[in-house]
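Student: Provide a 3D model corresponding to the input given below.
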Amino acid sequence: LSAARNRGLDEARGEYVTFVDSDDYISPHTLQTNMKLLALHPEADVLEYPVCVYHGTAKAYRYTPGTCEITDYTGWAHRKGYIHSYAWNKIYKRSLWKSLRFPEGRWYEDVFTIPAVLRQARYILRSDKGLYYYCSRQGSISNTFCDKGINDLLQANLTLYRTLSDNTNLNDIPERKIPLRRALFARRPLNYRIKAILKALSGNRYCGIVARTRKVLKR
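Tutor: Prediction:
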């Protein structure tokens with residue numbers, strides 16, 4: 001997946017780029033409508049639009065970033081936008097990707113990459129127009145957990161924390177600052193550190209991640 005996206009970025013020549021995974025789709029006129037919004041807000045380097053997460057399953061829900069609101073990277077972090085660090089459901093100025101690519105051979109490549117891309121944006125436009133359908137299927141990476149997946153998820157969250165701590169005021173995110181600093185710098189058991197990092201950065205996905213992790217460890 002990362003190699004395919006990177007090849008697309010290498011070949012792209014337009015002013016803007018976006019991503020759609022092979023098993024997902026977008027509603028009609030999503031790109032046209034949001035490109036019109038970008039034309040009205042040329043100062044925005046990224047537009048984030050709604051997504052139906054886990055479409056086709058009982059746990060499906062809709063995430064709407066905002067209603068034509070402009071924010072910067074710090075505002076994106078403070079509203080916990082990093083919980084939705086998806087490569088898709090965003091339209092980017094291609095210039096943001098000049099020195100950045102997805103890590104090949106890694107799972108959770110979005111978490112490794114998207115916060116670093118958005119960090120370079122002057123402004124992020126939050127849209128309520130259009131819809132991306134993120135389809136959950138059996139056997140996909142997001143539904144598969146193994147030792148490599150656990151390790152990559154932990155490393156992705158550590159990378160995310162460092163990106164946030166370098167570029168935002170973590171004092172404004174106290175519920176994340178305290179467990180993360182304890183996990184990274186205190187002399188704590190490894191299992192405590194892993195749980196603290198995942199809980200702080202994974203939000204409401206934490207319980208599911210822990211449950212799947214325990215299943216793997218019991219094998």
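Student: Report how many residues lie close to Met35.
Tutor: Met35 sits with 13 neighbouring residues when counted by other CB atoms under 10 Å. The C-beta positions use only the backbone N, C-alpha and C, and glycine is treated the same way.
Student: Please apply the same query to Val51.
Tutor: Residues contacting Val51 under the criterion other CB under 10 Å number 24.
Student: Verify the stated contact: it with Asn89.
Tutor: Yes: the pair Val51 / Asn89 is scored as a contact, 4.2 Å apart, by CB atoms under 8 Å.
Student: Residues in contact with both of these two, list them for me.
Tutor: Common neighbours of Val51 and Asn89 are listed as Tyr132, Tyr134 (criterion: CB atoms under 8 Å, 6 or more residues apart in numbering).
Student: In a helix, Ile70, correct?
Tutor: No: read with DSSP: H, G, I helix; E, B strand; the rest coil, Ile70 is strand and lies in no helix.
Student: For it, name its beta-bridge partners.
Tutor: Here Ile70 sits in beta bridges with Leu125, going by DSSP bridges.
Student: For it, which residues are in contact?
Tutor: With contacts defined as CB under 8 Å, 6+ apart, the neighbours of Ile70 are His41, Glu43, Ala44, Tyr123, Ile124, Leu125, Arg126.
Student: please redo it, this time with the cut-off set to 7 Å
Tutor: Ile70 sits next to His41, Ala44, Tyr123, Leu125 when contact means CB atoms under 7 Å, 6 or more residues apart in numbering.
Student: can you tell me which of these are in helices?
Tutor: Among the contacts of Ile70, no member is found in helices (DSSP state H).
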